[in-house]
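Asker: Quick check, what structure comes out for this input:
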Amino acid sequence: MCEKYEDFITTYEKLFHLQSSESIDDTLNLIKSILISKYKRPAQQIIKCIFIAMQSNPRSLKSYIDILNQISSLYSISFQFLKIKSESLESFLSYNNNNGHYHFEKKDIPELDNEICSLIFNDQIDDFRRFLLTNKLPKSVLDLSSGHKISLLEACAFYGSVNIFYFLLSNYPCVVTLRCLHNSIIGGNIDIINECLKIHNLDCYCFLNAIKSHNNKFLEYIFEKELINFDQDFLEKNYINAITSSQNLKAVFLLYQAKKNIIPWCAAFPQTLDIIKAENIDLNMLDFDCKNLLHYASYFNNIDICEFLFSSSQVYHRPVNAIDINNQTALHYAAANDCAEIAKILISNDAFIKDGHS
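Answerer: Numbers count the residues shown, from 1 in each chain. Just a heads-up that it's a prediction; the model follows:
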């Protein structure tokens, strides 16, 4: 099944692993031709994914901002959506509105725009050695994703800077912390990951970081070796949110192949329609937030799934107006994400529109 949707999976992998030295043209063309044109992904959803990618790959921040500006110049974006989704990025990202089209700019960040961070970002070991001839080794640097300080070894793990990582480990009293392991999954350098695994065991956060950063090779390893206990209450809600928000389709199929329940949240992906059709399932099944298939399909603009649900003999009028734990119906989510065609389908199937929210 992964092979059938390889273009979708590899486009998101390329987006999340964007290199600062690469031209953005190829990535931007894939976004427009594969995600938007072929799979009908809303521009707002793609922007949300870029916000997530920025936090796991901040050395390519300028490239991501260039892509954001290109997308915003072509597609209209809801201000309310942008305001909510960009709150976690306020420390390094600003934007202004030009008639519904937004222009993004990188803020000055003195804690990151310095020589030591640049050397670690780019794993410049020779320049790093020279720097230490005339400068004291800093104890910590800023972690852009959390806004907190982290050790240099943890920063090397985060950026996959393997040469400086081993230099520090061999020449300074550095400690390989559990955060080093968590960060190494995002950094994706297998040597650093293995070094951390000598001291720490994989945990839920490793799994979540692999999902959010689209480190799908490591995800496959986790599933192959059965290294995660999926029965933990903490894990289910968090990995579902991680998968849907980062649009990691590979993780969906890995869970499905591992015989894990992916209903109803799989409706966040149009590619799961065949699974929904083929499985002998209760189409009105609810998740931990009392969301059903229709909530997810409406939020993520999956028209074919919505149409199938209304054509199924299982679906009747009650689920159309079912509310989740946040008192939201499918129509609320369609409206919030500017999914006009979904909204029309819902209204034509008796969705309430006079409840003070839609």
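Asker: tell me the mean pLDDT over the host helix or strand of N29?
Answerer: Assigned by DSSP states H and E, N29 belongs to helix 25-30. Mean pLDDT, helix 25-30: 96.
Asker: Going by neighbour count, list what's buried in that helix.
Answerer: T27, L28, L30 (16 or more other CB atoms under 10 Å). Where you see a C-beta, it was placed from the backbone N, CA and C, and this is true even at glycine.
Asker: ok, the first one to Q70 distance?
Answerer: Same thing as T27. T27 sits 10 Å away from Q70, taking CB to CB, to the nearest Å as the criterion.
Asker: Surely N96 is in contact with H103, unless I've mixed up the numbering?
Answerer: Yes: applying CB atoms under 8 Å, one finds N96 in contact with H103, separated by 5.5 Å.
Asker: more neighbours, these two?
Answerer: Legend: neighbour count by other CB atoms under 10 Å for N96 and H103, higher for H103 (14 against 9).
Asker: for the chain, what are the low-confidence residue spans?
Answerer: Within the chain, the stretches falling below the threshold (pLDDT under 70) are 78-88, 91, 100, 109-113, 231-234, 279, 314-318, 354-358.
Asker: what ranges do the strands span in it?
Answerer: 93-98, 101-106, 140-142, 149-151 (DSSP state E).
Asker: Can you read off the backbone torsions of Y75?
Answerer: phi -130, psi 140 (degrees, to the nearest 10).
Asker: give the contact list for it.
Answerer: I36, A43 (CB atoms under 8 Å, 6 or more residues apart in numbering).
Asker: what's the domain layout of this structure?
Answerer: Domain assignment for the chain by automatic domain parsing gives 3-106, 115-201, 261-348.
Asker: would you turn those domains into a markdown table with distance to N229?
Answerer: A markdown table is the format used below for the domains of the chain (distance: least, CB to CB, whole Å):
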| stretch | distance to N229 |
| --- | --- |
| domain 3-106 | 24 |
| domain 115-201 | 12 |
| domain 261-348 | 15 |
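Asker: Would you mind telling me which of those domains is nearest N238?
Answerer: domain 261-348 (10.4 Å; CB to CB).
Asker: From the rest of the structure, what touches stretch 337-345?
Answerer: Contacts of stretch 337-345 (CB under 8 Å, 6+ apart): 42, 44-45, 76, 78, 81, 297-303, 306-307, 310, 330-331, 333-335.
Asker: Render the CA-only coordinates of it in PDB, please.
Answerer: Extracted as PDB, the C-alpha positions of stretch 337-345 are listed here (Å, rounded to 0.1, in the frame of the first residue of the first chain):
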ATOM      1  CA  ASN A 337     -10.500  25.100   7.600                       C
ATOM      2  CA  ASP A 338     -12.300  26.800   4.700                       C
ATOM      3  CA  CYS A 339     -13.400  23.400   3.300                       C
ATOM      4  CA  ALA A 340     -16.300  24.800   1.300                       C
ATOM      5  CA  GLU A 341     -17.100  21.700  -0.700                       C
ATOM      6  CA  ILE A 342     -17.200  19.600   2.400                       C
ATOM      7  CA  ALA A 343     -19.500  22.100   4.100                       C
ATOM      8  CA  LYS A 344     -21.900  21.900   1.200                       C
ATOM      9  CA  ILE A 345     -22.000  18.100   1.400                       C
END
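Asker: I9 versus C306, what's the distance?
Answerer: Distance from C306 to I9, by CB to CB: 23 Å.
Asker: hang on, the earlier thing: what is the nearest of the buried residues of helix 25-30 to L286?
Answerer: L30 (35.1 Å).
Asker: ok, the spatially most central residue of the chain - contacts?
Answerer: Relative to the mean C-alpha position of the chain, the nearest C-alpha, by CA atoms, centre = their mean, is the one of S246, at 2.4 Å. S246 is in contact with Y12, F16, C49, I52, A53, I211, K212, H214, counting by CB under 8 Å, 6+ apart.
Asker: Filter the residues you listed down to the buried ones and hand me the PyMOL line.
Answerer: Of these, the buried ones go into a single PyMOL selection, burial set by 16+ other CB under 10 Å:
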select buried, resi 12+16+49+52+53+211+212+214
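Asker: Can you lay out the contacts of S246 as TSV showing distance to I222?
Answerer: TSV is the format used below for the contacts of S246 (distance: CB to CB, whole Å):
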residue	distance to I222
Y12	18
F16	17
C49	22
I52	20
A53	21
I211	10
K212	14
H214	14
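Asker: Just the ones of the contacts of S246 in helices?
Answerer: Y12, F16, C49, I52, A53, I211, K212 (DSSP state H).
Asker: Output those residues as CSV; include the columns distance to D191.
Answerer: CSV is the format used below for those (distance: CB to CB, whole Å):
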residue, distance to D191
Y12, 25
F16, 21
C49, 28
I52, 26
A53, 23
I211, 22
K212, 22
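Asker: just those residues now: which is nearest Y239?
Answerer: For these, the nearest to Y239 is I211 (6.2 Å; CB to CB).
Asker: How about the contacts made by that closest one?
Answerer: So I211 contacts L219, Y239, A242, I243, S246, N248, A251 (CB under 8 Å, 6+ apart).
Asker: List the residues that contact the second one.
Answerer: For Y239, the contact set (CB under 8 Å, 6+ apart) comprises F207, L208, I211, A251.
Asker: Now with 7 Å, please.
Answerer: F207, L208, I211 (CB atoms under 7 Å, 6 or more residues apart in numbering).
Asker: The fourth one too?
Answerer: For I243, the contact set (CB under 7 Å, 6+ apart) comprises I211, A251, V252.
Asker: Go through those and say which is closest to L235.
Answerer: I211 (10.9 Å).
Asker: All good on my end, thank you.
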